[in-house]
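Undergrad: okay, sequence plus prediction incoming.
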Amino acid sequence: MKKLLLGTVLIAQLFGGLTPFDGFRAFEYLEKQVAMGPRIPGSETHLVCRDWIVTLCREYADTVIIQEFSAYQPFARDTVAAWNIIARFDSGNSRRIMFSTHWDTRPEAELDPFFPKKPVPGANDGASGTAVLLELLPYIKDFSNGIGVDLVFWDAEDMGIAGSNTYFCQGSEYYARNPVPPLPQKGILIDMIGDAELSVPVELNSSRYAPDLVAEVWDMAAKNGYAHVFLRKAGPEIYDDHVPLNRIAKIPTINLIDFHYTHAGKNLWHTTRDLPAYCSPRSLQIIGEILLLWLEKQ
Ligand SMILES: [Zn+2]
């Protein structure tokens, strides 16, 4: 424990960091997921990754709730089992916030110019948000300012067919229709935040449903030297897990997402090149710090 604390303090100093969040260790979590292989619902690797996330959550959280549901996998034209994982801290507290992300990866890389039928490795789209939430576990455990926290890993987010929202975000939609009380009053979703060239504009559904939360987070980022990352301009409107949370569960939730994921002018999103090489510990560090700083202010 002592060694761990020393390490994180040192890393925070190296980064000029603001909190003890360890971007390097988060990056190891990202690499570990990619090394497992694609985490496609219905696959063996999906089960391995599920158990790994649950084991880590159980080390730190008060309660870990595994919410099983059936998801439709349109690429395989099959119904598969899927699992939302909810790591709950201060379980009985009715004043709560939620940090969430998706942990599954996409069955087919339809935007890949060479291998559109191969699966997406999901370093950024799946592993990056999961890595940040896993690295948050020890800090949330030690954190106490009278607010409960849910760290939630959504499953079956990325199984839709491009052009239709229907089979995207199945896990968050299931949760929104079958919430586990006590419900959080607000939340932050993170997705595709590992991009080595991180920039997070204001996503439009976020400003539509939770403008106050957008203001809080962007002000906090600016105050802490991250105005160059959290851009005060409108980004694209994205159908992501925050939409069912806002629309159905009525939990005001914003999405921190860098949808512009490229390298040397070429798109990496939904391609076989969604790899750790195009992500960075520094990007995970910035997002982890902002989440912790925002949590402190609640
Ligand atoms: Zn995706």
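TA: All right, it came through fine. Numbers count the residues shown, from 1 in each chain.
Undergrad: end to end, how far does stretch 185-195 reach?
TA: 29 Å (C-alpha to C-alpha, to the nearest Å).
Undergrad: heads up, I number from 515, so please use that
TA: Okay, using 515 as the starting number, the last item reads as stretch 699-709.
Undergrad: can you list the buried residues in that stretch?
TA: Taking 16 or more other C-beta atoms under 10 Å as the basis for neighbour counts, the residues of stretch 699-709 that come out buried are 700-709. Just so you know, the C-beta spots here come from the backbone N, C-alpha and C atoms, and that holds for glycine as well.
Undergrad: what's the answer for stretch 602-611, then?
TA: Of the residues in stretch 602-611, those with enough neighbours to count as buried (16+ other C-beta under 10 Å) are 602-604, 610-611.
Undergrad: next SSE after the worst-scoring helix or strand of the chain on mean pLDDT?
TA: When each helix and strand of the chain is scored by mean pLDDT, DSSP states H and E, helix 516-528 comes last, with a mean of 43. Remark: after helix 516-528, the chain's next helix or strand is helix 537-550, criterion DSSP states H and E.
Undergrad: before we move on, back to that, between which two of the buried residues of stretch 699-709 is the distance greatest?
TA: Spatial extent of the buried residues of stretch 699-709 (C-beta to C-beta) is set by the pair 700 and 709 at 25.2 Å.
Undergrad: residue 594 should be in a strand, yeah?
TA: Yes. Secondary structure of residue 594, determined by DSSP: H, G, I helix; E, B strand; the rest coil: located in a strand.
Undergrad: which strand residues bridge it?
TA: residue 585 (DSSP bridges).
Undergrad: neighbours of residue 678, just the number please.
TA: Neighbours of residue 678 under the rule other C-beta atoms under 10 Å: 10.
Undergrad: again, but for residue 565
TA: Neighbour count for residue 565, taken as other C-beta under 10 Å: 11.
Undergrad: surely residue 630 is in contact with residue 621?
TA: No. Between residue 630 and residue 621 there is no contact under C-beta atoms under 8 Å: 11.4 Å.
Undergrad: the more surrounded of the two?
TA: Higher neighbour count among residue 630 and residue 621: residue 621, with 21 against 13, using other C-beta under 10 Å.
Undergrad: so what's the more buried one up against?
TA: For residue 621, the contacting residues are 552, 554, 587, 589-590, 633-634, 673, taking C-beta atoms under 8 Å, 6 or more residues apart in numbering as the criterion.
Undergrad: separation between residue 677 and the ion?
TA: Residue 677 is 14 Å from the ion, where distance means C-beta to the ion, to the nearest Å.
Undergrad: hang on, that residue in a strand?
TA: No. Counting by three-state DSSP, residue 677 is not part of a strand but coil.
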